[in-house]
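**Student:** turn this into a structure:
(one chain, ligands or ions: 3)
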Amino acid sequence: MALRWQPGILDTQQSGGWVLAHCKQHFLADSNGLLFPREWLKKQELPILAEHGIGHFDGDAVYLLELAQPVEIPGCFWQSLRHFMLQGDGDTFQLLSYATQIGTWASQHRFCGSCGGPMQHFAGERAMHCPHCELHHYPRLSPSMIVLITRGDEILLARSPRFVSGVYSTLAGFVEAGESVEQCVTREVREEVGVEVKNLQYLGSQGWPFPHSLMLGFHAEYAAGEIVMQADEIEDARWFDVHQLPPLPASRSIARYLIDLYVARRLGHAEPVLPG
Ligand SMILES: NC(=O)C1=CN([C@@H]2O[C@H](COP(=O)(O)OP(=O)(O)OC[C@H]3O[C@@H](n4cnc5c(N)ncnc54)[C@H](O)[C@@H]3O)[C@@H](O)[C@H]2O)C=CC1
Ligand SMILES: [Mg+2]
Ligand SMILES: [Zn+2]
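**Tutor:** Ligands and ions are numbered 1, 2, ... in the order given. Next up, the predicted model:
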């Protein structure tokens, strides 16, 4: 089946199509949704930082207006990206995930980090370019590992102080320069909960736009050590029996997929599908 959302590089000199308005991980919406007739929206008084041609949704051209502030427009309201992660359909979330990352990245790369001069969109590529020093900047992605640690019927879950009250999740962390993802798993697990793991198995990945992570998902078996929680990062961590789990992360997250997959295998249930 063809994907409803297809990213692409569209020429903003062309007229027509649909447009999203974005500012700081929020999208303008009205009772018809998020996609506005482009010519109409551009006639409104908007603090436009940049326009990007980002791809096709259901075959229609989609553009993005990156705004400096979330202005009020009669009959419209601003809706958070997180809302669409929790409630929207998967195709819309993929579109918004791309749009928020392109809009934010381009607005944060308006000036060259080397000479300080203004950057330009580089024709034909999703890149910002400094005509003075020929520097290119591509969209920023941060590889991050995420891992479910298990010990027979028990799984190790933890809470960060940033989580919704009561929710426990798998461990995650950013890959550092020069490190392999496998080394990152071992290091982050050691840092966050003080245990050693073995038999790492890669299970799949997920682009995650909060703010620009590429999640690389693993299963690991417990090898040794008692839980010692990292101050500040980890509020609580413990072993949970697969029959008695706490509130878990959103079903669209790879964190939830890693947990559901292990529980399904352990209990002989149908396996979940990795969300896009
Ligand atoms: N899709 C999913 O199921 C899940 C996704 N995540 C994502 O994984 C990522 C990493 O998770 P955390 O536990 O928060 O990371 P972490 O354990 O590495 O700790 C976060 C700390 O890392 C530092 N940091 C921030 N951005 C960084 C970067 N780009 N590179 C290196 N260090 C950085 C900061 O000091 C920050 O406080 C986040 O983007 C988070 O949204 C986390 C859990 C579930
Ligand atoms: Mg972490
Ligand atoms: Zn430059």
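**Student:** the helices in this structure, which residues?
**Tutor:** 38-43, 81-87, 90-107, 181-193, 254-267 (DSSP state H).
**Student:** highest average neighbour count across these?
**Tutor:** helix 90-107 (a mean of 21; mean count of other C-beta atoms under 10 Å). To be clear about C-beta, it is placed using only N, CA and C from the backbone, and glycine gets the same treatment.
**Student:** which one of the helices of the chain lies closest to Val175?
**Tutor:** Closest approach to Val175 among those (C-beta to C-beta): helix 181-193, 4.6 Å.
**Student:** is the closest one up against ligand 2 anywhere?
**Tutor:** No. Helix 181-193 stays clear of ligand 2 (C-beta under 5 Å from the ion), getting no nearer than 5.7 Å.
**Student:** for the stretch 1-150 of the chain, what lies in contact range of ligand 3?
**Tutor:** Looking at ligand 3, the residues of the stretch 1-150 of the chain close enough under C-beta under 5 Å from the ion are Cys112, Ser114, Cys115, Gly117, Cys130, His132, Cys133.
**Student:** please list only the buried members of those.
**Tutor:** Cys112, Cys130 (16 or more other C-beta atoms under 10 Å).
**Student:** point out where this structure drops to low pLDDT.
**Tutor:** 1 (pLDDT under 70).
**Student:** redo that, cut-off 80
**Tutor:** 1-2 (pLDDT under 80).
**Student:** please name the bridge partners of the residue positioned nearest the centre of it.
**Tutor:** For the chain, Trp208 is the residue whose C-alpha lies nearest the centre (C-alpha atoms, centre = their mean; 1.7 Å). Judged by DSSP bridges, the bridge partners of Trp208 are Ser213.
**Student:** ok, it - contacts?
**Tutor:** Contacts for Trp208 (C-beta atoms under 8 Å, 6 or more residues apart in numbering) come out as Ser97, Ser144, Leu214, Met215, Ser253, Ile254.
**Student:** domain-wise, how is the chain divided?
**Tutor:** 5-107, 142-267 (automatic domain parsing).
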